[in-house]
Structure formats: C-alpha cells, structure tokens
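structure for this input, please:
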Amino acid sequence: MSLTRQDVEKIANLARLSITEQEMPVYVTSLSSIVDFVDELSRADVGSVEPMAHPLDGQRQRLRPDVVTATDHENYQRNAPSVQAGLYVVPRVIE
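Numbering: from 1, shown residues only. Presented below is the predicted three-dimensional model:
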C-alpha cells in the first residue's frame, strides 16, 4: 500500500509536523516503504510459532499478583498541586 502525498500531509498535520515542499517526496517514499514492510510482516505465517514468555531462552518472566498495595491516598495527594473529590486534577492536553 503506497501512501499518497495527501496521506502524508494528513499524518503530518495530526503529528503537528511541518514538512517542506522539498522534504515531501522523501517522506512519501519513506513512509510508504515502512507501511509496505509492516504489511509484509502481517502476511507472515506464524501459526506454528509458540508464543514466548521471555525473549531469552531458558529465562522466566517474573510476575507478581495484580493487587492494590497502596492505601494511604491522602498522604500522596497532599503533595499534588491540585486534587478534587479524591482525584488528581491535571491541565487539559486535548484541544
């Protein structure tokens, strides 16, 4: 799947990148080759491959139970710049 100039312009707009007129052909070519490579990887037959628990042979992934251990929320929230109804208040990042 080759990307068009319009596709790259949309991606650049979403990523808030400014691409010059001279850079545009390079980006179209580069991003198209990346998308083509990912498409090629998705066609690979991995049905007979057993999932790995760890990338190094003979190693085990150490897991811990997913349980709540912190109970002193008020103490932590005293350090926060702004807390409301027991929740941390942060600046809006999405326009």
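
every contact and neighbour count from this point should use C-alpha atoms.
Noted.

what pLDDT does the most centrally placed residue in the chain get?
Geometric centre of the chain, nearest residue: Ala15, 13.0 Å, by C-alpha atoms, centre = their mean. On pLDDT, Ala15 comes in at 94.

distance check, it against Met24.
Distance, Ala15 to Met24, by C-alpha to C-alpha, to the nearest Å: 15 Å.

longest single helix anywhere in this structure?
Longest helix of the chain, by residue count under DSSP state H: helix 24-42.

name the residues that touch that helix?
Residues outside helix 24-42 that contact it (C-alpha atoms under 8 Å, 6 or more residues apart in numbering) are 1-5, 8.

which one (most neighbours) among the residues you listed?
Within those, neighbour counts (other C-alpha atoms under 10 Å) peak at Val8, which reaches 19 neighbours.

quick check: it vs Leu14, distance?
To Leu14, Val8 is 10 Å away according to C-alpha to C-alpha.

ok, what's across the strand from Tyr88?
Beta-bridge pairing for Tyr88 (DSSP bridges): Val83.

can you count the residues close to it?
There are 11 residues near Tyr88, going by other C-alpha under 10 Å.

check contacts around it.
Tyr88 makes contact with 77, 80, 82, according to C-alpha under 8 Å, 6+ apart.

quick check: the closest residue to the first one other than its chain neighbours vs Val38, distance?
Right, Gln77. Spatial nearest neighbour of Gln77, excluding adjacent residues (C-alpha to C-alpha, 6 or more residues apart in numbering): Val83 at 6.8 Å. The spacing between Val83 and Val38, counted by C-alpha to C-alpha, is 43 Å.
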